[in-house]
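Novice: Show me how the following folds:
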Amino acid sequence: MPDVSPDIDLIRSDLLAWYEAHARSLPWRAVVGAARTEPYRVWLSEVMLQQTTVPHATPYFHAFTTRWPTVCDLAAAEDAEVMGAWAGLGYYARARNLLACARAVAGEHGGVFPNTEAGLLVLPGVGAYTAAAVASIAFDRAANVVDGNVERVMARLFAVETPVPAARPELRRLAGLFITDERPGDWAQALMDLGATVCRPKSPSCGACPVASECLGLVSGDPARFPLKTKKADRPHRRGKAYVLVDDQGRVAVETRPDKGLLGGMLGLPTSEWAMDAPTGEPPIKADWREAGAVEHVFTHFSLTLTVMTARGEAEDGPWRWMPVEAARAALPTVFAKALDRASAPDLFT
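Specialist: Below is the predicted model:
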């Protein structure tokens, strides 16, 4: 590989020109060259986009901004309403942090987001990436916005041989070389768009890349090799039981999970513990429990097999609330919605 370095100024110029012509149209994004996007919309979208994709997050963004058009509207919402609206986006601690942040902005900042990275970092649940993204995109502050797309672009541009996650400090340093006071918000979004649409994880479209002439990964002959990755440890597997209890009106029993822990504060079905070995413990009530099969679900740190148990019960049988099946299905996190669908295979609700 030639002993050269990418031309920082040329990359900035070419990528910004490409962004002007090819920027994605996103519901939380201002048109290129228009006024900056309202900070609430930037913040909300960035929180939603953590660990999910644009197509998956988009309907949630529309639903939230229709139901709670301002940060003060969101701050005034009931916890259960927000947690229910978040169901399906995963990583439910983010929903709790979303509410805490909205209430801090409404209560301590008069409904106005701080306009600097330092000010944003003080808000509950706002980390380094989100603070940089909101400061840059909403307030046009010079900030180093580094997500997975940006890491991938930097790893390929500079052919970084250190595997991630060990390479992340170096990738962040390299991304910082491009930060100036000239159009920082557009620059952040241009890099994100390049990574999302051209410099993709697999099969990058190098022929369509506006900065291919400066890419050392392309010079190497195998740009998709970057970023190098450390082999992940095998994901542990757990097992449990989910109990689908239906009353004489065809409603299903749901409970609010403890605030702390996995799926904290969300609605859920009664369950056993989720253990590495076969699940133990008694069902929530004595009833004619029948097995309806099992569902599989993958969380970040483990996979799960839930055996679904079904029975009929009466409204006074336990400390839960009763919901119509369709309402429960819409409000439950994905893993419990799967269990409810599995329980529907026998004619339990008829």
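Novice: For residue 167, give me its contacts.
Specialist: 151, 155, 160, 227, 228 (Cβ atoms under 8 Å, 6 or more residues apart in numbering). To be clear about C-beta, it is placed using only N, CA and C from the backbone, and glycine gets the same treatment.
Novice: Could you list the buried residues of stretch 115-132?
Specialist: Neighbour counts over stretch 115-132 (16 or more other Cβ atoms under 10 Å) mark 117, 119, 120, 123, 125, 126, 129, 130, 131, 132 as buried.
Novice: Of these, just say which sits nearest to residue 201.
Specialist: When the buried residues of stretch 115-132 are compared for distance to residue 201 (Cβ to Cβ), residue 129 wins out at 18.4 Å.
Novice: now that closest one: how far from residue 77?
Specialist: Plainly put, residue 129 is 25 Å away from residue 77 if you go by Cβ to Cβ, to the nearest Å.
Novice: returning to that earlier point: in the contacts of residue 167, which residue is surrounded by the most others?
Specialist: The residue in these with the most neighbours, by other Cβ atoms under 10 Å, is residue 155 (28 neighbours).
Novice: in what helix or strand does it lie?
Specialist: Counting by DSSP states H and E, the element that carries residue 155 is helix 148-157.
Novice: now the angle from the next helix or strand after that helix to helix 148-157?
Specialist: Moving toward the C-terminus from helix 148-157, the next helix or strand (DSSP H and E) is helix 168-176. Per axes from the mean of the first three to the mean of the last three Cα atoms, to 10 degrees, the angle that helix 168-176 makes with helix 148-157 is 90 degrees.
Novice: List the buried residues for helix 168-176?
Specialist: Within helix 168-176, the residues that count as buried by 16+ other Cβ under 10 Å are 170, 171, 174, 175.
Novice: which one of these is nearest residue 261?
Specialist: For the buried residues of helix 168-176, the residue nearest residue 261 by Cβ to Cβ is residue 171; the value is 32.2 Å.
Novice: Which residues are in contact with the closest one?
Specialist: Contact analysis of residue 171 by Cβ under 8 Å, 6+ apart lists 146, 150, 151, 154, 155, 160, 164, 227.
Novice: what kind of secondary structure is the closest residue to the fifth one other than its chain neighbours in?
Specialist: Spelled out, that is residue 155. Take residue 155 and drop its neighbours on the chain: the residue closest to it by Cβ to Cβ, 6 or more residues apart in numbering is residue 227, 3.5 Å away. Classification of residue 227 using DSSP: H, G, I helix; E, B strand; the rest coil returns coil.
Novice: so what's residue 227 up against?
Specialist: Residues counted as contacts of residue 227 (Cβ under 8 Å, 6+ apart) are 151, 152, 155, 156, 160, 163, 164, 167, 171.
Novice: Just flag the most distant two among the residues you listed.
Specialist: 156 and 163 (14.0 Å).
Novice: which of the two has more neighbours?
Specialist: A side-by-side neighbour count of residue 156 and residue 163, using other Cβ under 10 Å, places residue 156 first with 26 against 14.
Novice: hang on, isn't that one packed against residue 201?
Specialist: No - counting by Cβ atoms under 8 Å, residue 156 stays clear of residue 201, with 10.7 Å between them.
Novice: Residue 324 contacts residue 247, doesn't it?
Specialist: No - with contact defined as Cβ under 8 Å, residue 324 does not count as touching residue 247 (10.8 Å).
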